[in-house]
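S.K.: Predicted model, plus sequence, below.
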Amino acid sequence: MMSLAVNMFTGSLILQQEKSAFQAVINNWCGTPKQSWRLIFRASTHGYSAQAFHSHCDGVAPVLLLVQCSRGEVIGGFSEASWAAGGAGGYIPAERAFLFALSDPPARCGPIFGAGADLLISSNCNTNSESYSNLHSYGDQLAPASLAADYNFTVRDYEVFTYKHN
């Protein structure tokens with residue numbers, strides 16, 4: 001008998017094929033094992049500019065960010081707080097927020113997470129290497145210093161999801 005995989009991230013181009021198994025892992029991290037998600041933004045569809053991101057994502061919570069880097073790594077973050085363009089200081093505290101890498105970076109080792117930008121996706125991130133991860137607010141001493149293979153990276157695509165309400 002053939003079993004069908006449940007797609008909890010409908011519309012994702014990043015979490016498909018060999019990466020589809022990570023859907024359940026991400027949901028367990030978020031505390032809701034069978035949660036379905038609604039795609040609200042895809043950079044390759046809506047545009048890579050900061051303005052395009054904020055026009056689709058500001059005011060939406062919770063949010064889950066998936067980033068596919070140019071070398072194929074998948075990194076991301078979750079926050080129960082919503083984004084907002086501008087604002088004083090630009091930081092919004094959240095009790096539940098975390099960053100992740102779905103594959104370990106090599107041993108040589110937008111959106112912003114963390115004070116001082118632990119993960120920053122730059123405007124027009126597909127044409128420059130201004131995006132970076134610099135882990136210092138999240139994690140512990142044993143975590144790698146960067147989520148991606150390199151400190152600065154170019155983004156192939158990124159997607160933002162929120163909970164799907166039935």
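M.R.: The structure has been received and is ready for your questions. As the structure is a prediction and not an experimental result, all values here were calculated from the model.
S.K.: Quick check: pLDDT value at Gly86.
M.R.: Looking at Gly86, its pLDDT is 62.
S.K.: roughly how far is the strand ranked longest in the chain from the heart of the chain?
M.R.: In terms of residue count, the longest strand belonging to the chain (DSSP state E) is strand 155-163. Per C-alpha atoms, centre = their mean, to the nearest Å, the displacement of strand 155-163 from the mean C-alpha position of its chain is 6 Å.
S.K.: Name the helix or strand for Pro33, please.
M.R.: Using DSSP states H and E, no element contains Pro33; it sits outside every helix and strand.
S.K.: Which residue ranges of this protein form helices?
M.R.: Remark: helices assigned in the chain by DSSP state H are 22-30, 43-46, 50-57.
S.K.: pLDDT weak spots in the chain?
M.R.: Applying pLDDT under 70 to the chain flags the ranges 1-6, 18, 85-90, 103-117, 135-146, 165-166.
S.K.: residue contacts, the nearest residue in space to Glu130 that is not next to it in sequence?
M.R.: With sequence-adjacent residues excluded and distances taken as C-beta to C-beta, 6 or more residues apart in numbering, Glu130 is closest to Ser122, at 3.8 Å. Any C-beta I mention is one placed from the backbone N, CA and C, and that applies to glycine too. Going by C-beta atoms under 8 Å, 6 or more residues apart in numbering, Ser122 touches 50, 110, 128, 130-131.
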